[in-house]
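>>> Below are the sequence and a predicted model for it; my questions follow.
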Amino acid sequence: MKTERDTARIVHEWLREPAELDDRGLSRILDRLPDTPQRRHRWLWPFEWRPFGSGATRSAGTDEAIPKRRYKQMFTATNLAALTAALALTGSLALFAGSLGDPEPEPVPGNVFAGIHNAKHFTGRVSASSGSGDLETRADRTIERDWPSTFTNTMTDDRMSGTGAAMNYLEDIQIEGGRYLSHASHGELVNDLGAFDFTCTGAGATGTVEAVGESRAVITCWYEGKDLFRGMVAFTILSSSTPLSGVWDAEGWIWQGELPEIPPAR
Amino acid sequence: MDTELVIHARNGDQQAFAALAESSYGRLHQVAFRILRDRPAAEDATQQAVLSMWRDLPQLRNPERFEAWSYRLLVNACNSEFRRRKRLLPTLGDEAAREPVAPDAFGQLLDRDLVERGFAALSIDHRVVLVLRYYLDLPLDAIAATLDVPIGTVNSRLHRALARMRAVLEEPETAELAEGVAR
């Protein structure tokens, strides 16, 4: 029987085996330097970015149907998936600079919060599905961590179309006369224009304790693409047409810009 | 590492950055390949990391930490590439296992295919800690700093990664079946 040390030695020897790789790709990167601005201001984003799967302890049987206990305590699958779609929708905002067919890259604007007046409107549909995460039940709320979702967007703006996946954090809180949902998420969207990461936060609500009927979710997200696109989006997810379709109408606004620098703490 | 080059590149000197990149690219590419076990993915991740190095270099306060910082960017790029290609190519990481390999001393001691398969079944987090620890020979505190996680987390990931590798090496069919169920 192998010990951990034996295994470590095997892994060590295996990793040390030589690998011939083609390093000519460096020249392509160096050719892009003149068109790639350096980032000289950065918001100290409060979210701690975590790779997918890190620290996650999935509940068993992720392919199981949602248990009845959870179904009663949480939003309906419709509303939850609507929120997932909202989270997914934020990730569908792809490149800004250079993605509109302009021959020259757009200059990166300044403060993103000032750039909102240049926001562009979009509408469309989102199709989303979700698995299950780690569920924690408290007296007045239910928390679900590491809740995965996948989605497909079809939007009036091609930049916002594509497929992707996200990992979500949700709190489902009962309030008088209804339910309130707060969330955070991180994911990635891929389309013909590129691929980028997004980080979102937002809230949704429904006017009934049973969590049926129409709901609204308002989401804001920050995202970055491989081609250095960065900006924000704010949008609203509208209720679904049927509870089983997993398709939701949405509309929102997107704009680009840099996050402002926070002065150092004193 | 020439800290003067880092300082000049940080101030926007593209020639200085080109010199930095030329001295770093091969090293980063080798690490990326060992994490992703896929040549196109490793190339994409390395290129993305180098581009990020240029873009984010003004935010590197201590030039002497350039090498450790470059590994962090590479790990982030490998994470992104791994997730992206897993959706498109579910067998990412298996290509290396299927490449024909001539018999050699390693193969005489252990079935290389088993090791490849065991590694391919690992999560990206586990692959990263194994490569940083057993390819780069980084101490645990350096790995923790690179990944921006506590040392305890690094220890835990290493232990689990080695345990999973050991399970495949000792009982390949059982271990891989368990992995398939867990996923």
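Yep, that arrived.

>>> Helices of chain B, start to end?
B:3-10, B:14-36, B:39-56, B:66-88, B:95-98, B:105-109, B:112-120, B:124-134, B:140-147, B:151-170, B:172-182 (DSSP state H).

>>> Tell me which of the ones you listed sits nearest to residue A:2.
helix B:151-170 (5.3 Å; Cβ to Cβ). (Each C-beta comes from the backbone N, C-alpha and C, glycine too.)

>>> In terms of secondary structure, what does the closest one contact?
Here helix B:151-170 touches helix A:4-15, helix B:112-120, helix B:124-134, helix B:140-147, helix B:172-182, going by 3 or more Cβ pairs under 8 Å, 6 or more residues apart in numbering or on different chains; DSSP states H and E.

>>> and the second one, which residues are buried?
So that's helix B:112-120. B:112, B:114-120 (16 or more other Cβ atoms under 10 Å in any protein chain shown).

>>> now the angle from it to helix B:14-36?
Orientation check (axes from the mean of the first three to the mean of the last three Cα atoms, to 10 degrees): helix B:112-120 against helix B:14-36 gives 110 degrees.

>>> How far away from the center of its chain is helix B:112-120?
Put simply, helix B:112-120 sits 16 Å off its chain's centre (Cα atoms, centre = their mean, to the nearest Å).

>>> does it come close to chain A?
Yes: Helix B:112-120 is in contact with chain A by Cβ under 8 Å from any Cβ of the partner chain, via B:112, B:115, B:119.

>>> picking up where we left off before, for residue A:181, find the nearest of the helices of chain B.
Of all these, helix B:66-88 comes closest under Cβ to Cβ, at 25.4 Å.

>>> Now do the buried residues in that closest one.
B:66, B:69-86.

>>> got any ranges where the chain has weak pLDDT?
Chain wasn't specified; assuming chain A. A:1, A:41-111, A:130-139, A:159, A:175-179, A:193-195, A:206-217, A:225-230, A:238-247, A:258-266 (pLDDT under 70).

>>> other chain: chain B
Looking along chain B with the criterion set at pLDDT under 70, you get B:1, B:87-110, B:172-183.

>>> Geometric centre of it: which residue is closest?
residue B:35 (3.4 Å; Cα atoms, centre = their mean).

>>> Roughly how far does that one sit from chain A?
10 Å (Cβ to the nearest Cβ, to the nearest Å).

>>> Correct me if wrong: that residue contacts residue B:78.
Yes: between residue B:35 and residue B:78 there is a contact at 4.7 Å, judged by Cβ atoms under 8 Å.

>>> who touches both of these two?
Common contacts of residue B:35 and residue B:78 (Cβ atoms under 8 Å, 6 or more residues apart in numbering or on different chains): B:42, B:45, B:124, B:128.

>>> Report how many residues lie close to the first one.
Right, residue B:42. 26 (other Cβ atoms under 10 Å in any protein chain shown).

>>> Tell me the one among the buried residues of helix B:112-120 nearest to chain A.
residue B:115 (4.9 Å; Cβ to the nearest Cβ).

>>> what about residue A:200, distance to chain B?
Distance from residue A:200 to chain B, by Cβ to the nearest Cβ: 17 Å.

>>> for residue A:148, same thing?
Relative to chain B, and taking Cβ to the nearest Cβ, residue A:148 is found at 11 Å.

>>> and that residue, what are its phi and psi?
phi -90, psi 150 (degrees, to the nearest 10).

>>> same deal with residue B:135?
phi -100, psi -50.

>>> doesn't residue B:33 make contact with it?
No: between residue B:135 and residue B:33 there is no contact under Cβ under 8 Å: 10.1 Å.

>>> between those two, who's got more neighbours?
residue B:33 (22 against 17).

>>> Which residues outside stretch B:73-81 are in contact with it?
A:51-52, A:188, A:195, A:197, B:28, B:31-32, B:35-36, B:41-42, B:44-46, B:48-49, B:52-53, B:56, B:124, B:128, B:132, B:146-147.
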